[in-house]
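K.L.:
need a 3D model of the sequence below.
(chains A and B)
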There are 2 protein chains.
Amino acid sequence: MYNKEMQHLGEERSVIRELFDYGSLRKQAVGSENVFDFSIGNPSVPAPAFVQEEIRRLIDTVPPEALHGYTPAAGAPEARKAVADYIEREFGAPMSEDLVYMTCGASASLAIITAALYEEGDEFVVLAPFFPEYRVFVEGAGATLVVAPTDERFHPDFHALEQVITRRTKAVILNSPNNPTGAVISGEELKTLAVLLEKKSAEKGEPIFLIADEPYRELVYGVTVPFPMNYYRDTVVCYSFSKSLSLAGERIGYVAVSPKCREAKSLFAAVCGAGRRLGYVCAPALFQRVCAAALGRVSDVGKYRENRDILYDFLTKTGYECMPPEGAFYLFVKALEPDAVAFSERAKKHELLLVPSDSFGVTGYVRISYCVSRATIERSLPAFRDLYEEYHPRSC
Amino acid sequence: MYNKEMQHLGEERSVIRELFDYGSLRKQAVGSENVFDFSIGNPSVPAPAFVQEEIRRLIDTVPPEALHGYTPAAGAPEARKAVADYIEREFGAPMSEDLVYMTCGASASLAIITAALYEEGDEFVVLAPFFPEYRVFVEGAGATLVVAPTDERFHPDFHALEQVITRRTKAVILNSPNNPTGAVISGEELKTLAVLLEKKSAEKGEPIFLIADEPYRELVYGVTVPFPMNYYRDTVVCYSFSKSLSLAGERIGYVAVSPKCREAKSLFAAVCGAGRRLGYVCAPALFQRVCAAALGRVSDVGKYRENRDILYDFLTKTGYECMPPEGAFYLFVKALEPDAVAFSERAKKHELLLVPSDSFGVTGYVRISYCVSRATIERSLPAFRDLYEEYHPRSC
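P.N.:
Okay, here's the model as predicted:
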């Protein structure tokens, strides 16, 4: 009677969402201050004051029928121009407003670019651990997801990557700063990746695309995120303002096709066509204008850094194993037993909600979203200690 | 290198959008007051003052990280409840907030429901003339679009409809008030449709769904729009606030699955799964709250009625043939030659931008979107007269 695959996708709660909902119930039961919900990546730092000021300014100065009316499908011309100018100014990469497509956030960007690129038999390569919805979008387009492992620092393992990139590969999806590990790819690594993709493209006789999924670009702690278009020709950047401006619910981002892409104009047409087919008429009009005006501004990353430092220091001193995250707002911590799901269940008894790594494509870890209040971080520390001691009882 | 179908969908400008862009260029060339752009359905009446007030109130009272954060995928609980309560109160139809899914507007709703329902070999039936994007969404889901003609008043021709509904039919899409004709289905007609669908469902051994696409529900002139859930069990309503609140660019609407639907919960899960697959994380958070608070409010329909009356009276007195529209903001006028595209081209010489009916699935008509300023309506009248006289020269 219905599409069983869609029904399954709707019923199969994402593990993250399931934990989040469990947390809501627990908070009702034992008080919200006693539950340490590290499940979801919902920014806890408010949008910059400028965002609210700009909304007020637009409401006060632009007639509502113009402010809230349809924009062209690819976006309001002033928003597309602002994004292109920002990319040129900030990264020194040539960019054209004609190749900027405003979207309803990063997931929309990814669903659109995979549909725009897909041809029969295509594979899309991701580096594990990876954002679980990549599988949904890639398989939704009709393609196959191929997973390449990373090294012990969760950086690209180029040897492993080389093995899985074939003539069937349409694109490699790169997510840096990374969800769930916080790893940030270096300029040197991007250079190596570009050489590999150039070689594999030549073998294929067609470009293999680099899809750079960059919602965490500005959330970094002392490192610089290299801009992929400056390293590899056939690059498409998928961006979202969800995290940088703490606007996750407003669904606003963009797809930017590098002007150096082969047949960039045709690829951009396919992006527009995919947006149309998936039912995206235009990105939300008010926030297109707000974000265009706010380009370059970022929510207070210092707050996330404080959380990261407190939690990372405490956990590693306690005995947990964890790479220091260079960006995003996640810690990827080794579970204290091989089965991360069992470990996550045991953590729940301490009111710690940690996402097991299995749905990210690796086993034996949990993801901690530290985009919570500092008070939650501080109150959670004894629970983390207790959990550790459950596995490593102190000799009396 | 890319998906050719998506590229084609992106390059094949919709006729409406092409005329609209032509109009923008003409306005630059000859002055915007001299171009009569009736191409697009972008509301000209501002959103009710309440909308701007509610945005200000939310900005002033809700912390930004809560206001702009993710909502659950199906929508903010308060928005879903407000919609369910409104449907119960306004239409006396039983409704559950658990069956309301907030969307990024009507196109998203339609892309989602067709994907949620689609099984191999399915057909979706539309009544011509119909909104051209129906074809994009139905074919995008993998299904076949089947077109049934309507009668001379553009109301259902039940005999013709009966011929095309078969065991392959998954759903009938009903758009009342109608784009492009302004026709509104009556309660009697809905009863007849329900009997027909019951009979055909029994023959099929599975429900045939009624998808009620209702963005123009409140835009009516002296008639009442019957609520389909009160007539037919297996009904899904696709609603948008684009027209009723003049928020077309903000992309906000909902899918409501009737609790009387067979396996309503599973169908709702498929709706959630389709939303996830198409990249919709949640509907825009701020406008979910604004629209929940504004339920039942409508932009000033009186302005559209004035436009309708002036234009309809003038055109019919001049000699044009046209049914009086009962709702929406379109006039569907017989072209003065059999080829509507040629007629539309000739109208352009008078700076009249009229959409030929071919892409709506019928020949020989043009659509006039009268959601423009009254001044544009009044200034356009001599051009309509001149166009008519070109086809019917007065004897001197």
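K.L.:
element containing A:S107?
P.N.:
Assessed by DSSP states H and E, A:S107 sits inside helix A:105-117.
K.L.:
mind checking the pLDDT average for that helix?
P.N.:
Confidence over helix A:105-117, taken as the mean pLDDT, stands at 97.
K.L.:
and the helix or strand just after it, which strands flank it?
P.N.:
Using DSSP H and E, the helix or strand that follows helix A:105-117 in sequence is strand A:123-127. With DSSP bridges as the test, strand A:123-127 is paired with strand A:144-148 (parallel), strand A:169-175 (parallel).
K.L.:
which one of the ones you listed is the most hemmed in?
P.N.:
strand A:169-175 (a mean of 25; mean count of other CB atoms under 10 Å in any protein chain shown). For glycine as for every other residue, the C-beta is placed from the backbone atoms N, C-alpha and C.
K.L.:
check the offset of that one from the chain's centre.
P.N.:
Distance of strand A:169-175 from its chain centroid, counting by CA atoms, centre = their mean, to the nearest Å, is 14 Å.
K.L.:
kindly report the residues of the stretch 101-250 of chain A close to chain B.
P.N.:
Residues of the stretch 101-250 of chain A lying near chain B by CB under 8 Å from any CB of the partner chain: A:104-105, A:107-112, A:115-119, A:133, A:136-137, A:140, A:206-207, A:246-250.
K.L.:
quick one: low-confidence ranges for chain A?
P.N.:
Residues of chain A meeting the criterion pLDDT under 70: A:395-396.
K.L.:
okay, strands next: where are they in the stretch 151-300 of chain A?
P.N.:
A:169-175, A:209-213, A:235-240, A:253-257 (DSSP state E, counting those that start in this stretch).
K.L.:
ok, and what's touching the first one?
P.N.:
In other words, strand A:169-175. Residues outside strand A:169-175 that contact it (CB atoms under 8 Å, 6 or more residues apart in numbering or on different chains): A:110, A:113-114, A:117-119, A:122-127, A:130-131, A:134, A:143, A:146, A:161, A:165, A:185, A:193, A:197, A:200, A:204, A:208-214, A:228, A:236.
K.L.:
same question for the third one.
P.N.:
By CB under 8 Å, 6+ apart, the list of residues contacting strand A:235-240 from outside reads A:87, A:103, A:105-106, A:109-110, A:113, A:171, A:209-215, A:217, A:228-229, A:252-258, A:260-261, A:267.
K.L.:
what's the answer for the second one, then?
P.N.:
Counting by CB under 8 Å, 6+ apart, the neighbours of strand A:209-213 from elsewhere in the structure are A:106, A:109-110, A:113, A:117, A:124, A:131, A:170-176, A:193-194, A:197, A:228-229, A:232, A:234-238, A:261.
K.L.:
returning to what we had before: please pick the buried ones from the contacts of strand A:169-175.
P.N.:
Taking 16 or more other CB atoms under 10 Å in any protein chain shown as the criterion, what is buried in those is A:110, A:113-114, A:117-118, A:122-127, A:130-131, A:134, A:143, A:146, A:161, A:165, A:185, A:193, A:197, A:200, A:208-214, A:228, A:236.
K.L.:
ranges for the helices of the stretch 151-300 of chain A?
P.N.:
Secondary structure of the stretch 151-300 of chain A (DSSP state H, counting those that start in this stretch): helices located at A:158-164, A:187-204, A:264-277, A:285-294.
K.L.:
near chain B, anything from stretch A:373-386?
P.N.:
No. Using CB under 8 Å from any CB, stretch A:373-386 never reaches chain B; the gap is at least 9.8 Å.
K.L.:
just the buried ones from the residues of the stretch 101-250 of chain A next to chain B, in ChimeraX syntax?
P.N.:
Applying 16+ other CB under 10 Å to those, the buried members can be selected in ChimeraX as follows:
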select /A:104,105,107,108,109,110,111,112,115,116,117,118,133,136,137,140,207,246,247,248,249,250
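K.L.:
near the residue lying closest to A:N230 once chain neighbours are set aside, how many other residues are there?
P.N.:
Leaving aside its chain neighbours, A:N230 sits nearest to A:A93 (5.3 Å; criterion: CB to CB, 6 or more residues apart in numbering or on different chains). The number of residues packed near A:A93 is 20, by other CB atoms under 10 Å in any protein chain shown.
K.L.:
cool, A:P63 as well?
P.N.:
The burial count assigned to A:P63 is 10, neighbours taken as other CB under 10 Å.
K.L.:
so A:V100 sits right up against A:R80, yeah?
P.N.:
Yes. Counting by CB atoms under 8 Å, A:V100 touches A:R80, with 4.3 Å between them.
K.L.:
joint contacts of the two?
P.N.:
A:A74.
K.L.:
check the gap between A:F227 and A:L210 for me.
P.N.:
A:F227 sits 12 Å away from A:L210, going by CB to CB, to the nearest Å.
K.L.:
quick check: closest non-adjacent residue to A:C371.
P.N.:
Nearest to A:C371 is A:F329, by CB to CB, 6+ apart, at 4.1 Å.
K.L.:
now the strands paired with strand A:123-127 as a markdown table including distance to B:V298?
P.N.:
A markdown table is the format used below for the strands paired with strand A:123-127 (distance: least, CB to CB, whole Å):
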| stretch | distance to B:V298 |
| --- | --- |
| strand A:144-148 | 46 |
| strand A:169-175 | 44 |
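K.L.:
out of those strands, which gets nearest to A:S44?
P.N.:
Nearest of those to A:S44, taken as CB to CB: strand A:169-175 at 21.2 Å.
K.L.:
closest residue of the stretch 51-200 of chain A to chain B?
P.N.:
Going by CB to the nearest CB, chain B is nearest to A:A111 of the stretch 51-200 of chain A, at 2.9 Å.
K.L.:
that residue contacts A:Y134, correct?
P.N.:
No. With contact defined as CB under 8 Å, A:A111 does not count as touching A:Y134 (10.4 Å).
K.L.:
contact partners for A:R89?
P.N.:
By CB under 8 Å, 6+ apart, A:R89 lies in contact with nothing.
K.L.:
again, only using 10 Å
P.N.:
Counting by CB atoms under 10 Å, 6 or more residues apart in numbering or on different chains, A:R89 touches A:M95, A:L295, A:G296.
K.L.:
again with A:Y134
P.N.:
The contact partners of A:Y134, taken as CB under 10 Å, 6+ apart, are A:107, A:110, A:114, A:124, A:126, A:145, A:147, A:173, A:175, A:211, A:213, A:360-361.
K.L.:
just to revisit the earlier point, was I right to think the residue nearest to A:C371 contacts A:G41?
P.N.:
Yes. Using CB atoms under 10 Å, A:F329 is in contact with A:G41, at 6.8 Å.
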